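> With the input below, show me the fold.
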Amino acid sequence: GVIGHSEGAIVASILAARGAKDEQNSDENSKANAKVAFIVLLAGPGVQGDELLLLQNTALGRAFGLSDEQISEANRLNRELYSIAMSREEDAAMLRTKLVETLADALNSTSDLTEQQKHAQRVQAQAQADQLLSPWMRTFLALDPSEYLRKVRVPVLALSGSKDLQVPARENLAAIAEALKAAGNTAATLIELEGLNHLFQHAATGLPSEYGEIRETFAPEA
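This next block holds a predicted model:
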């Protein structure tokens with residue numbers, strides 16, 4: 001079996017889906033090598049990468065005390081940025097220019113920042129554009145775990161923590177359940193564990209800043 005945490009849970013799903021495909025198309029010897037007997041998804045995403053990041057931004061924003069209006073405006077900008085980064089346009093320089101211009105427009109429309117703060121954020125915009133155009137990020141934004149989960153027919157255990165702010169439990173467990181149902185998988189167990197964060201520690205807020213401060217490594221119930 002394969003146990004994967006967070007992005008690793010996507011890898012586990014990919015391996016199980018690939019094993020199902022190989023089982024249909026391969027001879028007995030390669031089938032035995034490809035077969036995954038079960039998978040365990042720890043804080044596994046169930047929604048596409050761009051949607052996951054929007055959920056993450058919303059959860060973190062609320063934990064930091066941002067208003068619904070602030071969160072909505074931030075996600076409006078993020079949607080636009082993710083859309084540009086996911087574009088099939090192959091000219092990286094052009095995409096980078098679009099990203100920087102989009103960030104600059106958003107910055108110019110902000111009235112509560114000093115010129116010094118705006119300058120610092122303009123510099124940061126360059127690095128943000130590069131990050132969004134990295135091969136990993138472009139792949140992650142467009143990756144939909146449900147495409148693989150809909151092919152998984154081996155037993156699945158999916159665990160999430162109720163205070164997970166990086167892969168929010170409710171939306172992602174629901175998406176995993178829907179995909180496995182579409183696969184006809186009747187051997188799936190999905191559990192939301194109360195009070196646990198993304199690393200399956202008992203947490204106060206679930207914010208990533210707590211991770212290194214909590215002595216517990218992995219909650220016994222998990």
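
> and residue 197, what does it touch?
Counting by C-beta atoms under 8 Å, 6 or more residues apart in numbering, residue 197 touches 161, 163-165, 203, 206, 210-211, 214. C-beta coordinates here come from the backbone N, C-alpha and C atoms, glycine included.

> Are any of those buried, and if so which?
The neighbour count (16 or more other C-beta atoms under 10 Å) marks 161, 163-165, 203, 206, 210 as buried among these.

> Okay, and which of the contacts of residue 197 map to strands?
residue 161 (DSSP state E).

> If we only consider the buried ones among the contacts of residue 197, which is nearest to residue 68?
residue 165 (16.4 Å; C-beta to C-beta).

> how near is that closest one to residue 39?
24 Å (C-beta to C-beta, to the nearest Å).

> in stretch 126-135, what counts as buried?
129, 132-133.

> closest to residue 144 among those residues?
residue 132 (18.3 Å).

> Spatially nearest residue to the closest one (excluding sequence neighbours)?
Leaving aside its sequence neighbours, residue 132 sits nearest to residue 85 (C-beta to C-beta, 6 or more residues apart in numbering; 4.2 Å).

> Next SSE downstream of the helix or strand of the chain with the lowest mean pLDDT?
Least confident helix or strand, the chain: helix 28-34 with a mean of 53, by mean pLDDT, DSSP states H and E. The helix or strand immediately downstream of helix 28-34 is strand 39-42, counting by DSSP states H and E.

> Find the residue closest to the spatially most central residue of the chain in space, skipping its chain neighbours.
Among the residues of the chain, the one closest to the centroid is residue 52, at 4.4 Å (C-alpha atoms, centre = their mean). Excluding the flanking residues, the one nearest residue 52 by C-beta to C-beta, 6+ apart is residue 45, at 5.0 Å.

> Would you mind listing the residues in contact with residue 152?
13, 16-17, 20, 39, 179-180, 183, 185.

> ignore the last one, residue 196
With C-beta under 8 Å, 6+ apart, residue 196 has these contacts: 161-164, 202-203, 219, 222.

> Closest one to residue 170 out of these, please.
So of the contacts of residue 196, ranked by how close each gets to residue 170 (C-beta to C-beta), first place is residue 162, at 8.5 Å.

> Does the closest one touch residue 173 like I think?
No - with contacts counted by C-beta atoms under 8 Å, residue 162 stays clear of residue 173, the gap being 10.4 Å.

> who has more neighbours, those two?
Higher neighbour count among residue 162 and residue 173: residue 173, with 20 against 15, using other C-beta atoms under 10 Å.

> what sits against the more buried one?
46, 158, 160, 190, 192.

> Now list the buried members of those.
Using 16+ other C-beta under 10 Å, the buried ones in those are 46, 158, 160, 190.

> for the first one, what are its contacts?
If a contact means C-beta under 8 Å, 6+ apart, then residue 46 has 145-146, 149, 171-179 as its contacts.

> Just among these, which is most surrounded?
residue 149 leads the contacts of residue 46 on contacts (other C-beta under 10 Å) with 31 neighbours.
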